[in-house]
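Participant: dropping a prediction and its sequence here:
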Amino acid sequence: MPVLYVNYGETIADVAIRSSETTNNTSVSSLLLAILVILSFAFNVLTLTSILSTKKLRDKLPYILLCSVLVINALDVIFVIFISLLHVANGGEWIFGNTVCRINAIAEQFVLIAMLIALLVLAFERSIGPKNPIREVLNNCNIITLGNVAGTIFSFIICTPLLLTSFPVLPDRYHFQCILSAGSPVAYSLVLLSVYCFLFLAIFVCLAMMRIQSHEHNQLQRTLPNLQQEYGEFISQNIARHEYFKLAKLSIILLIAYGVIELPFICFTFYNRITSSKEISPVVGQTATMTDIATMFTFIRYFYALVSCIIIHATCHDIWDELTNLILCRRISPLTINNWNNIDRNANFKTHTFITDLRPSNVMTLVATGDGLHLKYPDQNLADSVVFNQLPPPIYEPVVDQQTPDSFELKSTMKKALAPINEIKDICPIVNSAPNIASTSAIPVPISRKKGSKKKTSTKVGETAASRERAKGKFKRKQYDDKDTVEKKFKNTKL
């Protein structure tokens, strides 16, 4: 049988092929992890800043609980995902020492438990109805906040056994990080498993309570109140209910995302720990390591920090608005350098301050009543706002009336034209009682007639230019002794 030979330059060793494939996979994984680290850390930090920089958000307990979720995500990015990126970029070789390896393993375990406890506290806070008296007691005593802090401390305490040398912690190239390797005590894994089971059971109870609250809300029939004074309370209750169910929906979506993204990794990790423990491994025997599944579950778990932040912005539009204002350096109210002039300020005007959102905005409410739509002004005013009840007198320069010959002649003409009217007002009680005869419509004046005289029509004295011209010069200012003499004067005078 003949033997065929090929040239040396046409042969490629299998080792070179494998090395080339490994290099390509490492480059792609490093690039994806780098993009994931940058996006996750930036979004979580900006979201945390947008919540804490706004008073109306940081004064509400659910948003403070969301801040704890964002802080845990940031710790996950720094101490777990970023170290995994360095591990992958170095070709799967661990060069950071045993101390960093244990810190990496503790950080991963802490993030998983602390995130679940934070979501549990958020779900518990939403499971209490808005009108439940227990809510006021919990808010006054800060029990929910203390419970969140206690859960974080518990998560750290339960991870401290990994600092002991009896718990072997080694880097794993398929998990991109350090994990609790084979030969660990099975009791520790069972304790962790029981903790996870208890937390998930409590979460299911909270979800059931939220479902009951939603059912009661759907069964409740709300109608517009009859009194106008009750519209403000009605609108406030509707806003509170809308915000309550919005944040309840957010907590449910975050829990679903945790179950889809984190839960497969947790289950796979516990399976490997229990089967490779020093008590169970002699009985079960050596099990095959599913490297592809381990890599896939680990890589999917790293996306939770980014996905949870996207869910928060997609559900809470007020947080998204604050984030866009923060990125684009926009302000809702203008920045004031000095105090504004408050001369035109009234009781419904509220001043701007150097720090925004320290005072409630001056908002008018459109109220629908039986008489139509009305604008309702805010009832409360700022206690420290300066309000001028009376405006100061205007500042002006006195104007001297300079009489010209034309103006003097016009005044003389008007005085002569109004002289008969003034004479009538002085001598005639009937005319004198008429209000402003010079500016009213024509007023009939009765005129007496002698016997045998022809019937004449009544003469009307009105505000016309012709009547004033005819009356000009006809009357002289005289005092009449009796009424008959006055009537003769009216009869003989042609107006």
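Facilitator: Perfect, thanks for sending it. Numbers count the residues shown, from 1 in each chain.

Participant: show me the chain divided up by domain.
Facilitator: Per the record, the chain has its domains at 21-327, 340-390, 416-492, by automatic domain parsing.

Participant: strands of the stretch 101-250 of the chain, start to end?
Facilitator: Using DSSP state E, counting those that start in this stretch, the strands of the stretch 101-250 of the chain run over 169-172, 177-180.

Participant: please name the nearest non-neighbouring residue to residue 182.
Facilitator: Once flanking residues are discounted, residue 182 sits nearest to residue 276: 3.7 Å by CB to CB, 6 or more residues apart in numbering. The way it works is simple: take the backbone N, C-alpha and C, and place the C-beta from them, glycine included.

Participant: how close does the one you found get to residue 163?
Facilitator: Distance of residue 276 to residue 163, given as CB to CB, to the nearest Å: 20 Å.

Participant: and these two? which has more neighbours close in?
Facilitator: Using other CB atoms under 10 Å, the more surrounded residue of residue 276 and residue 163 is residue 276, with 20 against 13.

Participant: what does the pLDDT read for the more buried one?
Facilitator: Predicted confidence (pLDDT) for residue 276: 84.

Participant: residues contacting it?
Facilitator: 181-184, 287 (CB atoms under 8 Å, 6 or more residues apart in numbering).

Participant: against residue 186, how distant is it?
Facilitator: 10 Å.

Participant: equivalent analysis for residue 326, please.
Facilitator: For residue 326, the distance to residue 186 - CB to CB - is 49 Å.

Participant: how about low-confidence regions in this protein?
Facilitator: Residue ranges of the chain with pLDDT under 70: 1-24, 141, 219, 221-222, 228-229, 284-289, 331-364, 368-372, 374, 376-495.

Participant: one more pass at 80, please.
Facilitator: 1-26, 91-92, 129-133, 135-141, 173, 182, 214-238, 240, 281-290, 330-495 (pLDDT under 80).

Participant: quick check: longest helix in it by residues?
Facilitator: Scanning the chain for the longest helix, with DSSP state H as the assignment, gives helix 14-52.

Participant: which SSE is immediately downstream of that one?
Facilitator: Next helix or strand after helix 14-52 toward the C-terminus (DSSP states H and E): helix 55-58.

Participant: coming back round to it: distance of the residue nearest to residue 182 from residue 282?
Facilitator: According to CB to CB, residue 276 stands 11 Å off from residue 282.

Participant: could you pull out the helices for the stretch 151-300 of the chain?
Facilitator: Taking DSSP state H, counting those that start in this stretch, the helices of the stretch 151-300 of the chain run over residues 186-219, 231-261, 263-275, 281-284, 291-301.

Participant: what helices or strands is the longest one leaning on?
Facilitator: Contact here means 3 or more CB pairs under 8 Å, 6 or more residues apart in numbering; DSSP states H and E; on that basis helix 186-219 packs against helix 97-127, helix 143-159, helix 231-261, helix 263-275.

Participant: got it, and the fourth one?
Facilitator: Applying 3+ CB pairs under 8 Å, 6+ apart, one finds that helix 281-284 contacts no other helix or strand.

Participant: how about residues contacting that helix?
Facilitator: Here helix 281-284 has contacts from 182-183, 275, using CB under 8 Å, 6+ apart.

Participant: nearest to residue 134, of these?
Facilitator: Residue 134 lies nearest to residue 275 out of the contacts of helix 281-284, by CB to CB, at 44.1 Å.

Participant: touching, residue 81 and residue 302? I think so.
Facilitator: Yes. Shown here, residue 81 and residue 302 form a contact pair, counting by CB atoms under 8 Å, at 5.1 Å.
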